[in-house]
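Chemist: for reference, the sequence and a predicted model appear below.
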Amino acid sequence: MPAFQQGSSNPYSFTTGRNMSSMLRDRLIEELGIDHFFTDRSKTGLRFCWGRYLEIVKAIEQARNTFDAGQWPSDLPSFNEVLIVEVFISKSAWHNQKAHFATVKKHYPDMVSWLDQDETDMNEDRETWGDYRQKYTLEDLKEFCDLGGKLKRGVRPQSPHEANKGKGKSHKKK
């Protein structure tokens, strides 16, 4: 898939994934106006992953529009979705997450609102998810989608002490 051979005189020579050159990654971030916050592969959490998903979708759309308009920079590898995705995460991680986030975006506006919040309380969590968990994961989101917008009750029971500790993590820059 690499558009240029390793050792090419082009400064954006690369292989895909974690081996993408930092010059190419930085150039794509600049060209597409990508929020650098979401390119940090070490960040985790469901709300961060949601924000990253939205940023990837936006960057792909921007890249496609630029390419379709014939304005894709000639010094960059030819546009393809994987090139953009791998600025953020691996293509396997993307394919593992995107279907669930796309389903949420299309069918579950209450979940979108929940994901867009920095923090929620136990009642908001129960109302949105159908069950309370101290921490929600991508597996929980998959279950939520697979079960038509709810979680199985009591899969991970919480003690009252643990239940009072849980607050969501922000997916936005501070």
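Modeler: That came through, no problem.
Chemist: give me the contacts around the longest helix seen in the chain.
Modeler: Using DSSP state H to define each element, the chain has its longest helix at helix 46-68. With contacts defined as C-beta atoms under 8 Å, 6 or more residues apart in numbering, helix 46-68 is touched by 31-35, 37-38, 43, 72, 79, 81, 83-85, 87-89, 94, 97-98, 101, 115-118, 136-138, 140-141, 168-172. Using the backbone N, CA and C atoms, a C-beta is placed for each residue, glycine as well.
Chemist: quick one: distance of it to the chain centre.
Modeler: Taking C-alpha atoms, centre = their mean, to the nearest Å, one finds the center of helix 46-68 at 8 Å from the center of the full chain.
Chemist: now the following helix or strand past that helix: mean pLDDT?
Modeler: Sequence order places helix 81-88 as the next helix or strand after helix 46-68, per DSSP states H and E. Per-residue pLDDT over helix 81-88 has a mean of 96.
Chemist: repeat that for stretch 125-135.
Modeler: 93.
Chemist: repeat that for stretch 45-63.
Modeler: 98.
Chemist: for that stretch, which residues meet the burial criterion?
Modeler: Neighbour counts over stretch 45-63 (16 or more other C-beta atoms under 10 Å) mark 45-56, 58-60, 63 as buried.
Chemist: on that earlier part again, return the subset of the contacts of helix 46-68 lying in helices.
Modeler: 31-32, 81, 83-85, 87-88, 94, 97-98, 101, 115-116, 138, 140-141.
Chemist: in ChimeraX, select just the buried ones from those residues.
Modeler: The ChimeraX command for the buried members of the ones in helices among the contacts of helix 46-68 (criterion: 16+ other C-beta under 10 Å) is given here:
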select :31,32,83,84,85,87,88,94,97,101,115,138,140,141
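Chemist: the protein - how does it break down into domains?
Modeler: Listed domain ranges for the chain are 17-89, 105-165 (source: automatic domain parsing).
Chemist: can you give me the angle the one helix or strand Val112 maps to makes with helix 46-68?
Modeler: Secondary structure from DSSP H and E places Val112 in helix 109-116. Angle of helix 109-116 versus helix 46-68, following axes from the mean of the first three to the mean of the last three C-alpha atoms, to 10 degrees, is 100 degrees.
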